[in-house]
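**Student:** Everything below, folded, please.
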Amino acid sequence: QLQASGGGFVQAGGSLRLSCAASGSIRSVNDMGWYRQAPGKQRELVATITSTGNTNYADPLKGRFTISRDNAKNTVYLQMDSLKPEDTAVYYCNAGVRRPWGAFRDYWGQGTQVTVSS
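**Tutor:** Have a look, this model is predicted:
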């Protein structure tokens, strides 16, 4: 129900833009966010954004990563600039989706690999 795209291979200092779209019958999408998991490490917060556009970032990523969303498309984006090798991870999107019949559920995307070479 969440489809992520945009990952890939990039050299240090480069940029990538991730996208993640919620699909299916949707009444509303609450908070959306990005998390990442590097090999051998726990999944960690990258950034979140509310339906009204309030954002929250992991402190080390402030200034390099920018989260945004298009409510009309039920899509969240992550612009990643000045990438570093330590940004290498699988990036997961997350969203709280309310269906027209009232059901609410937290969804995770399938993950997209980001690899930054030195």
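
**Student:** Can you tell me the SS state at the residue nearest to the spatial centre of the chain?
**Tutor:** Central residue of the chain (CA atoms, centre = their mean): residue 34, 2.9 Å from the mean position. At residue 34 the chain is in strand, as set by DSSP: H, G, I helix; E, B strand; the rest coil.

**Student:** Setting aside sequence neighbours, what's the nearest residue to it?
**Tutor:** Nearest non-adjacent residue to residue 34, counting by CB to CB, 6 or more residues apart in numbering: residue 46, 4.1 Å away. For every residue, glycine as well, the C-beta is placed using N, CA and C.

**Student:** Which secondary structure element is home to the one you found?
**Tutor:** strand 44-49 (DSSP states H and E).

**Student:** can you pull up the bridge partners for residue 29?
**Tutor:** Beta-bridge partners of residue 29, counted by DSSP bridges, are residue 97.

**Student:** Against residue 58, how distant is it?
**Tutor:** 22 Å (CB to CB, to the nearest Å).

**Student:** between the two, who's got more neighbours?
**Tutor:** Set residue 29 next to residue 58 and count neighbours by other CB atoms under 10 Å: residue 29 wins out with 19 against 15.

**Student:** Three-state assignment for the most far-flung residue of the chain relative to its centre, please.
**Tutor:** Relative to the mean C-alpha coordinate of the chain, counting by CA atoms, centre = their mean, the farthest residue is residue 101 (26.3 Å). Using three-state DSSP, the secondary structure recorded for residue 101 is coil.
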